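# all I have is the shape, not the residue letters:
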């Protein structure tokens, strides 16, 4: 007789996970999903196996708002190995060139400043970006080079954390879609010595910080109720948006998808609540005095968040 499958349960919320080194984002999601016995879950943007750090996982109703986390600005702590280029742009590739270091602190600061602001980046071949249904890294492994159009990204800040010999550690705040391994290679090229990405840790997603995250080992050490207690409400993903609170009768109509008149300024994105302190109803936008629903929770999901 085959072993019985562990029964799943309906859980709603966001788990802030500190992804371990060597795991894919899906590895981490499936492990956490199993430990929580959650029916429905998804991650909010892929972290390479080489990278560690903050990976928000959405369960149940929270999956409706995962795109907000995907679109949010990100923060990274990156270690660059100067003077050495690799075939993949990171430490997993073969060394393709080595050059002596001849730069000083001023040159490094100038190179970082050069890539701060709105810049164009060419996505690396060793990435999960799709071309005709296949990830670019699949073509790269087969020795096939695909032409990739440059894309515009915003590097808000590059702070030099430390520099010792060939290792340069930087703290980067950037828009979604930024490739840190490409940034590492570009900084190395600007310095004239080349570089590859030696280590990467994501420290923030929007307003969420890795200091709030739990590791897989910590999660596994807890009992089931303590694991579920770590789930944050879905609106934590929308915490940077303005809040709108509706009275009970208006809240009920809003949940049916009806537009509501409000005496508020236009806003591209707001989080909407009912009269209960934790009655998160969903996401909306305001245009010409109308509150227009975008993503709504069901009444059952609202009650689950109020509990």
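Cool, got the structure. Quantities reported herein were computed from a predicted structural model and do not represent experimental measurements.

# count the residues that sit near residue 216.
17 (other CB atoms under 10 Å). Just so you know, the C-beta spots here come from the backbone N, C-alpha and C atoms, and that holds for glycine as well.

# could you do residue 121 as well?
Using other CB under 10 Å, the number of residues around residue 121 comes to 19.

# one more: residue 269?
Residues lying near residue 269 (other CB under 10 Å) number 15.

# name the helix or strand for the closest residue to residue 257 other than its chain neighbours, please.
In space, and not counting its chain neighbours, residue 257 is closest to residue 293: 5.4 Å by CB to CB, 6 or more residues apart in numbering. For residue 293, the host element (DSSP states H and E) is strand 290-296.

# which residues touch that strand?
With CB atoms under 8 Å, 6 or more residues apart in numbering as the test, strand 290-296 has contacts from 64-65, 244, 246, 254-255, 257-262, 264, 269-270, 272, 281-286.

# can you pull the buried residues of it?
By neighbour count on 16 or more other CB atoms under 10 Å, the buried set for strand 290-296 is 291, 293, 295-296.

# inside helices: which ones of the contacts of strand 290-296?
254-255 (DSSP state H).

# are any of the contacts of strand 290-296 buried, and which?
Judged by 16+ other CB under 10 Å, buried ones among the contacts of strand 290-296: 64-65, 244, 246, 254-255, 260, 262, 270, 272, 281-284, 286.

# and the furthest pair within those?
The span of the buried ones among the contacts of strand 290-296, defined through CB to CB, is set by 64 and 262 at 21.9 Å.

# on that earlier part again, now the buried residues of strand 290-296 in a markdown table, with pLDDT and distance to residue 114?
Putting those into a markdown table (pLDDT from 0 to 100; distance: CB to CB, whole Å) gives the following:
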| residue | pLDDT | distance to residue 114 |
| --- | --- | --- |
| 291 | 97 | 44 |
| 293 | 97 | 44 |
| 295 | 95 | 39 |
| 296 | 94 | 45 |
